[in-house]
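Enquirer: Output the structure for:
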Amino acid sequence: MINKNQKTINKSNKTIVIKIGTSSICNEVTHFPLLSNLSAIVETVLSLRALGHRVVLVSSAAVGTGLRRLNMAEKPSRLAARQAVAAVGQGRLMALYDDLFGQFSQPVAQILLTKNDLADRSQYLNAVNCLEELLEMAVVPIVNENDTISTQGIRFGDNDTLSAVMAGMVKADYLFLLTDVDCLYTDNPRTNPDAKPVAVCEDMVQLREQVSVASMGSSLGTGGMATKLVAAELATAAGVTTFISNGSKPKNILNIIESINNGNLSDAPLHTRFIAKNNPLLDRKWWIQYGLHTAGIVYVDEGAANAILLPKLKSSLFAAGIVDVEGSFVAHQAVDIILRRTKQDGQIEDILIGKGLVNYPSIEISRIKRCQSTEIVNILGYVDSDCVIHRDNLVRSSDKISL
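Expert: Numbering: from 1, shown residues only. Down below sits the predicted model:
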């Protein structure tokens, strides 16, 4: 094992996030823990730690474990009941991990989050700093969504998305999404014998046109392959190479990493690899894009969209280019920026072009839309900024939009 005071400075040492789903931890029918698989996961994490890698484990199964403890057959339909079951199960789940890791004197830490916890910039940075300190202390953080207090508006939605957010926060090198199949297929291999494995993905848009991911997750889980594609898209945007691999064979992670180090992925077990973006979002813009709840919409004209998107300009958003506002929000909340234009056939077309932090509340943006910056003080009686969204607080959704 690594000395707890040793800092990981070797360039070959990686920061790795592993997401393990409910179906890999609990039996779908009896809800009993799959101890052999849990032990294999723990042994894999310990082996990665022994090689000098830093590991974050994102683990589902609080509800599944709670159902077993309460001798319940299925997930309750009422939100409060599901939250109560999760409260019971989370303690049992951490006890299992602590017992297994404790056999090897490996300390672990529990981190429970909702999306709302990361909406405030200072809280987001505190969470990042806490994770960094835990990793430097040679602790394995075990992360889960805080199901006991989360509601629809503040949920990540599933732990695939949460794991991608974690990967961005700790600036991970690799994200492993463990599931109940070896890799991503062009269709469901259980129902379509002609489904082909997808080894590598460099273009997510092209991939979505080639594969079918309509199947849902298990009765205990919340996601399916579709959520893993969303997670891969988020993680690769942050510069994190992402893998889909079989959760019943967690030691495949070691073989995949060894194959990467040897430069021969053809020797690796079957998996899907998503190539990280060459120009990942910076930390602050990552937080704006994926850490903040979208409170409303600001609609812009084509002139403003061009100024925002064109590489030579990449301008701030000014009131003159705003045509409409939707929703009720205050200054410094995040909003979507949508280009609203009329097509040749007369139909209205809306195109999402970005997301940003506004300098004015919605009611005031409605008053200053289409106005020049010099007019703001006369209309509002004050001027906080000459722009509605500064370019440093603006994340462009794509540079491939045809304007």
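Enquirer: list the buried ones in stretch 113-125?
Expert: 113, 114, 115, 116, 117, 118, 119, 124 (16 or more other C-beta atoms under 10 Å). In this view, the C-beta of every residue, glycine as well, is placed from N, C-alpha and C.
Enquirer: can you name the two of those residues that are farthest apart?
Expert: 114 and 124 (12.3 Å; C-beta to C-beta).
Enquirer: Please give me every residue in contact with the nearest residue to residue 25 once chain neighbours are set aside.
Expert: Spatial nearest neighbour of residue 25, chain neighbours left out: residue 61 (4.0 Å); criterion: C-beta to C-beta, 6 or more residues apart in numbering. Neighbour list for residue 61: 21, 22, 25, 26, 89, 93, 220 [criterion: C-beta atoms under 8 Å, 6 or more residues apart in numbering].
Enquirer: Of the residues you listed, which belong to helices?
Expert: 89, 93 (DSSP state H).
Enquirer: Show me what counts as buried in stretch 293-303.
Expert: 295, 296, 297, 298, 299, 300, 301.
Enquirer: which other residues reach that stretch?
Expert: For stretch 293-303, using C-beta under 8 Å, 6+ apart, the contacting residues are 115-116, 119, 153-154, 308, 317, 321-330, 333-341, 350, 353, 355, 358, 362, 365, 388-389, 403.
Enquirer: Filter those down to the buried ones.
Expert: Here, 16+ other C-beta under 10 Å leaves 115-116, 119, 154, 308, 317, 321-322, 325, 329, 333-341, 353, 355, 358, 362, 365, 388-389 buried among the contacts of stretch 293-303.
Enquirer: Could you work out the most separated pair of the buried residues of stretch 293-303?
Expert: Every pair of these checked by C-beta to C-beta; the farthest is 295 and 301, at 21.7 Å.
Enquirer: need the helices for the stretch 251-400 of the chain, in chain order.
Expert: 252-262, 283-286, 302-309, 362-368, 376-380 (DSSP state H, counting those that start in this stretch).
Enquirer: Could you give the separation of the fourth one from the chain centroid?
Expert: To tie it back to what came earlier, the one meant is helix 362-368. 32 Å (C-alpha atoms, centre = their mean, to the nearest Å).
Enquirer: Ok, the longest one next?
Expert: Computed by C-alpha atoms, centre = their mean, the chain-centroid distance of helix 252-262 equals 24 Å.
Enquirer: ditto for stretch 110-123
Expert: Offset of stretch 110-123 from its chain centre (C-alpha atoms, centre = their mean): 13 Å.
Enquirer: I would like the residues contacting that stretch, please.
Expert: For stretch 110-123, contacts defined as C-beta under 8 Å, 6+ apart pick out 90, 94, 124, 127, 130-131, 141-146, 148-150, 154-156, 162, 165, 287, 291-293.
Enquirer: how about low-confidence regions in the stretch 101-250 of the chain?
Expert: 150-157, 213-224 (pLDDT under 70).
Enquirer: Can you show me the helices along it?
Expert: 121-136, 159-169, 204-210, 225-237.
Enquirer: What separation do you get for the residue lying closest to residue 198 once chain neighbours are set aside and residue 237?
Expert: Closest residue to residue 198 apart from its sequence neighbours, by C-beta to C-beta, 6+ apart: residue 184 at 4.5 Å. In this view, residue 184 and residue 237 are 18 Å apart by C-beta to C-beta, to the nearest Å.
Enquirer: Comparing these two, which shows the higher neighbour count?
Expert: Neighbour count, other C-beta atoms under 10 Å: between residue 184 and residue 237, residue 184 has more, with 25 against 21.
Enquirer: give the contact list for that one.
Expert: For residue 184, the contact set (C-beta under 8 Å, 6+ apart) comprises 197, 198, 201, 211, 213, 225, 228, 229, 244, 272.
Enquirer: right, and the second one touches residue 185 too?
Expert: It stands for residue 198. Yes. Using C-beta atoms under 8 Å, residue 198 is in contact with residue 185, at 6.7 Å.
Enquirer: Overlap in contacts, the two.
Expert: residue 211.
Enquirer: So if I had to pick from those two, which one is more boxed in?
Expert: Neighbour tally, residue 198 and residue 185, criterion other C-beta under 10 Å: the higher count belongs to residue 185, 21 against 18.
Enquirer: Spatially nearest residue to the more buried one (excluding sequence neighbours)?
Expert: Leaving aside its sequence neighbours, residue 185 sits nearest to residue 195 (C-beta to C-beta, 6+ apart; 4.2 Å).
Enquirer: Over to residue 194?
Expert: Residue 194 sits nearest to residue 187 (C-beta to C-beta, 6+ apart), 7.4 Å away.
Enquirer: Quick one: neighbours of the one you found, just the number.
Expert: 17.
Enquirer: That one and residue 195: what is the separation?
Expert: Taken as C-beta to C-beta, the span from residue 187 to residue 195 is 4 Å.
Enquirer: And residue 163, by the same measure?
Expert: For residue 163, the distance to residue 195 - C-beta to C-beta - is 25 Å.
Enquirer: When the two are compared, which one has more neighbours?
Expert: residue 163 (33 against 17).
Enquirer: Return the residues in contact with the closest residue to the more buried one other than its chain neighbours.
Expert: The shortest distance from residue 163 to any non-neighbouring residue, by C-beta to C-beta, 6+ apart, is to residue 19 (3.6 Å). Going by C-beta under 8 Å, 6+ apart, residue 19 touches 58, 59, 159, 160, 162, 163, 175, 176, 177, 178, 231.
Enquirer: If we use 10 Å, what do you get?
Expert: 56-60, 143, 158-164, 166-167, 175-179, 223, 228, 231, 242, 247 (C-beta atoms under 10 Å, 6 or more residues apart in numbering).
Enquirer: now do residue 199
Expert: Residue 199 sits next to 183, 184, 265, 266, 268, 270, 271, 272, 273 when contact means C-beta under 10 Å, 6+ apart.
Enquirer: From the chain's centroid, how far away is stretch 43-53?
Expert: That offset, for stretch 43-53, works out to 24 Å (C-alpha atoms, centre = their mean).
Enquirer: Show me which positions of that stretch end up buried.
Expert: Those would be 44, 45, 46, 47, 48, 49, 51, 53, for stretch 43-53 by 16+ other C-beta under 10 Å.
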